[in-house]
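Visitor: fold the following, please.
(one chain, ligands or ions: 1)
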Amino acid sequence: MIDLNKLCGMKGKIAVITGAASGIGAGISKFFADAGVTVVMADINESLANCVKEEIIAAGNNSIFIKCDVTKESDCKALADAVIEKFGKIDILVNCAGVARRHTVETLSEADWDLALNVTLKSVFLMSKHIVPYMKKAGGGKIVNIGSGWALKGGDHAVSYCAAKAGVWNMTRAMAIDHGPDNINVNCVCPGDIDTPMLKSECEQLGGVYDEKFKEECAQRPMARLGAPVDVAMCVFFLCSDMSPWVTGTSLVVDGGGIA
Ligand code: NAP
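Guide: Next comes the predicted model:
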């Protein structure tokens, strides 16, 4: 009989997860913690992050929260150094923080362009810049960048988001090429519509009614439902586990067939 825990090799791993206080990041944090990973939650939303951390600890699992604005290099460096000081290693980095501003080029402000690009794309660069050297020193690691279906195709009223996510996806391939020789796997997970506060906010920005809009849209898709954070978490888990040692530079679309 296969020992799945042994095969996954996740117990005792140290994972840094950005955007961990809400939605998909919170789902990944809880799923990883349930599998025996010590989760370092990185987010700007202190109150939400503390709620998720308490939930993880109440379940008997391990997590710490470090407040981190992923758009600031000093915060990203301080986080990486603090984790090494406390745990001695970082096995996994999941770059999940992101924001969506639903505008066309005509209506998007320069400030919102900068925000979307900084939180969604520049953060992947900054966190990776300060964590990759520790992974190299340790002999390897796993990085998963959260993209989007809109990394692969365009979407309406989403120019900054589409630009940022396409950047995340192609940057993933560039990082995989650079760091394959360091035994660091770098992959991208591209979710479709997932039931999170971000999706609700997008719906509000577009003037829609959340339940109605997505009931209608999902009915046209192959799996006919919205995704849940755990749908994404399970795929991220696979790419961070020992079960995917030869998978790097790829994107895994997790969207119930939405862009099939
Ligand atoms: P979410 O619920 O809004 O969670 C995002 C988290 O990131 C929030 O806790 C947010 O804090 C935090 N954050 C924002 N700016 C930050 C910063 N500068 N530094 C650190 N943390 C920051 O979003 P989600 O739906 O889970 O999305 C997570 C990722 O999946 C994003 O990259 C998103 O683009 C991607 N994605 C989502 C969907 C979807 O349908 N939900 C689909 C495809 C891809 P605040 O709440 O305080 O802003």
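Visitor: which parts of the helix or strand containing D75 are buried?
Guide: In the assignment (DSSP states H and E), D75 maps to helix 73-87. Buried residues in helix 73-87, defined by neighbour count with 16 or more other CB atoms under 10 Å: 75-76, 79-80, 83-84. Quick note: C-beta positions are derived from backbone N, CA and C, even for glycine.
Visitor: now swap in stretch 250-260 and tell me
Guide: Across stretch 250-260, burial judged by 16+ other CB under 10 Å covers 251-256, 258.
Visitor: also stretch 212-222?
Guide: For stretch 212-222, by 16+ other CB under 10 Å, it's 213-214, 218, 221.
Visitor: could you give the separation of that stretch from the chain centroid?
Guide: 24 Å (CA atoms, centre = their mean, to the nearest Å).
Visitor: ok, the buried residues of helix 73-87 vs the ligand, which is closest?
Guide: Set against the ligand, the nearest of those by CB to the nearest ligand atom is D75 (7.8 Å).
Visitor: those helices in the chain, which residues are they?
Guide: Along the chain, counting by DSSP state H, helices occupy 4-8, 23-34, 46-58, 73-87, 110-117, 123-138, 159-179, 197-205, 210-219, 229-240.
Visitor: tell me the most buried of those?
Guide: Most buried of those by mean neighbour count (mean count of other CB atoms under 10 Å) is helix 23-34; its value is a mean of 25.
Visitor: packing partners of it?
Guide: strand 14-18, strand 38-43, helix 46-58, strand 92-95, helix 229-240 (3 or more CB pairs under 8 Å, 6 or more residues apart in numbering; DSSP states H and E).
Visitor: any idea which of those gets closest to W169?
Guide: Ranking the helices and strands packed on helix 23-34 by proximity to W169 (CB to CB) places strand 92-95 first, at 11.9 Å.
Visitor: can I get the CA coordinates of the closest one in PDB?
Guide: The C-alpha trace of strand 92-95 is given here as PDB (Å, rounded to 0.1, in the frame of the first residue of the first chain):
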ATOM      1  CA  ILE A  92       7.800  26.600  -0.400                       C
ATOM      2  CA  LEU A  93       6.800  30.000  -1.600                       C
ATOM      3  CA  VAL A  94       3.200  30.600  -2.900                       C
ATOM      4  CA  ASN A  95       2.800  34.000  -4.400                       C
END
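Visitor: state the mean pLDDT of that strand.
Guide: For strand 92-95, mean pLDDT is 99.
Visitor: can you put the buried residues of stretch 212-222 in TSV and add distance to the ligand and pLDDT?
Guide: Converted to TSV, those look like this (distance: CB to the nearest ligand atom, whole Å; pLDDT from 0 to 100):
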residue	distance to the ligand	pLDDT
K213	12	82
F214	10	79
C218	12	87
R221	13	94
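Visitor: which residue does the stretch 51-200 of the chain bring closest to the ligand?
Guide: G98 (2.4 Å).
Visitor: noted, bye for now.
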